[in-house]
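In: Provided below for reference: sequence and predicted model.
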Amino acid sequence: MSKPWQTYALHILDAAQKIEGIRNRGDLLTDEVFYAATLRHLQTLSEATQALPQQLKDSHTQIPWREISGFRNILVHNYLGEIDALAVLRVLENQLPQLVQAVQSMLADSGHRHPFP
């Protein structure tokens, strides 16, 4: 028996909230620990998006779902290469807020109350 999709949606919101907390504590571009923690939460977040129902993802076409999955693969499998920190920062600034809004909308539409603002 698999977990309900709402569990994965909450994982996404939790990871996003943790990333925001990390960003509030320091500069990802200069602090390796903050950067590594951010990458780990991005991996968790990206993996969780793969468990959301396709029908729900299809209703949020503004989100690049395939690219998120691809980004996860880069995070997981590019362990010998260098991941561009500026590209990660752009994802956090430009795409993460939209993803959070979409997931919050999914949860709200399902009648699920979530603890994140």
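Out: Now that the structure is in, tell me what you want to look at.

In: Who are the contact partners of the most centrally placed residue in the chain?
Out: Per Cα atoms, centre = their mean, the C-alpha nearest to the average position across the chain is that of L45, at 3.5 Å. L45 makes contact with H11, I12, A15, A16, I19, L99 under the criterion Cβ atoms under 8 Å, 6 or more residues apart in numbering. (C-beta placed from N, C-alpha, C; glycine too.)

In: Neighbour-wise, give me the winner out of the residues you listed.
Out: With neighbours taken as other Cβ atoms under 10 Å, the top of the contacts of L45 is I12, carrying 27 neighbours.

In: doesn't V103 make contact with it?
Out: Yes: judged on Cβ atoms under 8 Å, I12 makes contact with V103 at a distance of 5.0 Å.

In: just to revisit the earlier point, of the contacts of L45, closest to L52?
Out: Closest approach between the contacts of L45 and L52, by Cβ to Cβ: I12, at 8.1 Å.

In: hey, C-alpha coordinates of stretch 36-43 in PDB?
Out: Extracted as PDB, the C-alpha positions of stretch 36-43 are listed here (Å, rounded to 0.1, in the frame of the first residue of the first chain):
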ATOM      1  CA  ALA A  36      25.100  20.900   0.700                       C
ATOM      2  CA  ALA A  37      22.100  21.000   3.000                       C
ATOM      3  CA  THR A  38      20.100  22.900   0.400                       C
ATOM      4  CA  LEU A  39      21.000  20.300  -2.300                       C
ATOM      5  CA  ARG A  40      19.900  17.500  -0.100                       C
ATOM      6  CA  HIS A  41      16.500  19.200   0.500                       C
ATOM      7  CA  LEU A  42      16.200  19.900  -3.200                       C
ATOM      8  CA  GLN A  43      16.800  16.200  -3.800                       C
END
